[in-house]
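*Asks:* Have a look at this prediction, sequence included:
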Amino acid sequence: AQKVTQAQTEISVVEKEDVTLDCVYETRDTTYYLFWYKQPPSGELVFLIRRNSFDEQNEISGRYSWNFQKSTSSFNFTITASQVVDSAVYFCALKLNRDDKIIFGKGTRLHILP
Amino acid sequence: ETGVTQSPTHLIKTRGQQVTLRCSSQSGHNTVSWYQQALGQGPQFIFQYYREEENGRGNFPPRFSGLQFPNYSSELNVNALELDDSALYLCASSLLGQGQHNYGYTFGSGTRLTVV
């Protein structure tokens, strides 16, 4: 069975601190995609990144970076120099190549305190 | 290009009633998926529509049904509403290509349904 675990339910940090959101996934499939989405209070899921299972190269986009490690089935997300606008719920998700659905974790609520 | 729009944004229904939620997909997308997000949980896949037919379904009972129209917009219908159906319903559009791979999903802001 496929599963995504985000062990951190809620995190609070002071503005300008770095913060890492953890994500562990489970699947026996060899071809899959991993996602991170941001959900602000407005409700929509804002796409942040998609990685396929064959690309373990870490990625940096501005203050955001992602660390994909197949050996530990983890896909962690780091925000550097956090800002108040980063406050939101963040979801890690998994999609198998052979399937249509996205499997989401329960999310991590991130509070950036001024 | 326009994004995904959902209507209504909020809705209150009584247990046992029926509800229809609507979704307009992003321009250029041909596939629509629906997700249910209960409070404090991650979204759960309900079903996906492609070429006006159901193209995959999650673990939801038959009283959850849908439609996709020729312009790729979609409806989610829920019959015999139960209190546990209270949730944020999200629609996502995507492009299913020749290789049957989805090339990214665009989500709408959702419809918040409250069943009393």
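*Replies:* Noted; the coordinates are in hand.
*Asks:* correct me, but B:Ser33 touches B:Tyr50?
*Replies:* No: the criterion here is C-beta atoms under 8 Å, and B:Ser33 misses it with B:Tyr50 at 9.4 Å. No exception for glycine: its C-beta is placed from N, CA and C like everyone else's.
*Asks:* out of those two, which sits in the busier spot?
*Replies:* Per other C-beta atoms under 10 Å in any protein chain shown, whichever of B:Ser33 and B:Tyr50 has more neighbours is B:Ser33, with 29 against 19.
*Asks:* what residues does chain A put near chain B?
*Replies:* In this structure, chain A approaches chain B at residues A:4, A:37, A:42-47, A:50, A:91, A:93, A:95, A:97, A:99-107, judged by C-beta under 8 Å from any C-beta of the partner chain.
*Asks:* Of those residues, select the buried ones using a PyMOL command.
*Replies:* This is how PyMOL selects the buried members of the residues of chain A next to chain B, with burial counted by 16 or more other C-beta atoms under 10 Å in any protein chain shown:
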select buried, chain A and resi 4+37+43+44+45+50+91+93+95+100+101+102+103+104+105+106+107
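*Asks:* so of the residues of chain A next to chain B, which ones are in strands?
*Replies:* A:4, A:37, A:46-47, A:50, A:91, A:93, A:95, A:103-104 (DSSP state E).
*Asks:* At the geometric centre of chain B, which residue do we find?
*Replies:* B:Trp34 (2.7 Å; C-alpha atoms, centre = their mean).
*Asks:* quick check, that residue in a helix?
*Replies:* No: under DSSP: H, G, I helix; E, B strand; the rest coil, B:Trp34 falls outside any helix and is assigned strand.
*Asks:* roughly how far apart are it and chain A?
*Replies:* 10 Å (C-beta to the nearest C-beta, to the nearest Å).
*Asks:* okay, that residue: pLDDT?
*Replies:* Note for B:Trp34: predicted pLDDT of 97.
*Asks:* Reduced to three states, what does the residue nearest to it when sequence neighbours are not counted come out as?
*Replies:* For B:Trp34, ignoring the flanking residues on the chain, the nearest one in space by C-beta to C-beta, 6 or more residues apart in numbering or on different chains is B:Ile46 at 4.3 Å. With three-state DSSP as the basis, B:Ile46 sits in strand.
*Asks:* contacting residues for B:Ile46?
*Replies:* B:Ile46 makes contact with B:33-36, B:57-58, B:60, B:64, B:66, B:76, according to C-beta atoms under 8 Å, 6 or more residues apart in numbering or on different chains.
*Asks:* Thank you, goodbye.
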